[in-house]
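Trainee: Give the three-dimensional model of this entry:
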Amino acid sequence: MYRFVVVTDPETAPGFRLAGVDVVEAGSVEEARTLIPPLLYRDDTGIVAVNEEFMAGLDPKVLGKMERTHRPLLIPIPSGAGKGERRGYIERLLQRAIGYNIVVRR
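Mentor: Model prediction:
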């Protein structure tokens, strides 16, 4: 069975733990940048949900590789800012999964 891992800040980590998922806490974007890549290369990881600010700080090469692989699935956790970038990422995930470009509108 694959693991569902959430990488987030210490303030929101307890809520995810209450939901029963594995949580990795990062206090800054720099710390998250070192914690996330090892999770992406583990064989037992199926989904990695990442705080949106942390995801924006990832190396573009890592993000590019993740968009070309099927597992693990890397998804952003919304923070209220950067909705356009999140929407574009979700549209690319949908296109990769079903083969069609779906435009997400509000």
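
Trainee: Mind checking what secondary structure Leu74 has?
Mentor: Recorded secondary structure, Leu74: strand (DSSP: H, G, I helix; E, B strand; the rest coil).

Trainee: Look up the closest residue to it, ignoring the ones flanking it.
Mentor: Leaving aside its sequence neighbours, Leu74 sits nearest to Met66 (CB to CB, 6 or more residues apart in numbering; 4.6 Å). (C-beta placed from N, C-alpha, C; glycine too.)

Trainee: any idea how far stretch 66-76 is from the chain center?
Mentor: Computed by CA atoms, centre = their mean, to the nearest Å, the chain-centroid distance of stretch 66-76 equals 8 Å.

Trainee: Kindly check the end-to-end length of that stretch for me.
Mentor: With CA to CA, to the nearest Å applied, stretch 66-76 spans 13 Å between its terminal residues.

Trainee: one step back: tell me the contacts of the residue nearest to Leu74?
Mentor: 40, 72, 74 (CB atoms under 8 Å, 6 or more residues apart in numbering).

Trainee: ok, now with 10 Å
Mentor: Met66 is in contact with 36-37, 40, 48, 55, 58, 72-74, counting by CB atoms under 10 Å, 6 or more residues apart in numbering.

Trainee: For those, pick the one with the most neighbours.
Mentor: Neighbour count (other CB atoms under 10 Å) singles out Met55 as the most crowded of those, with 26 neighbours.
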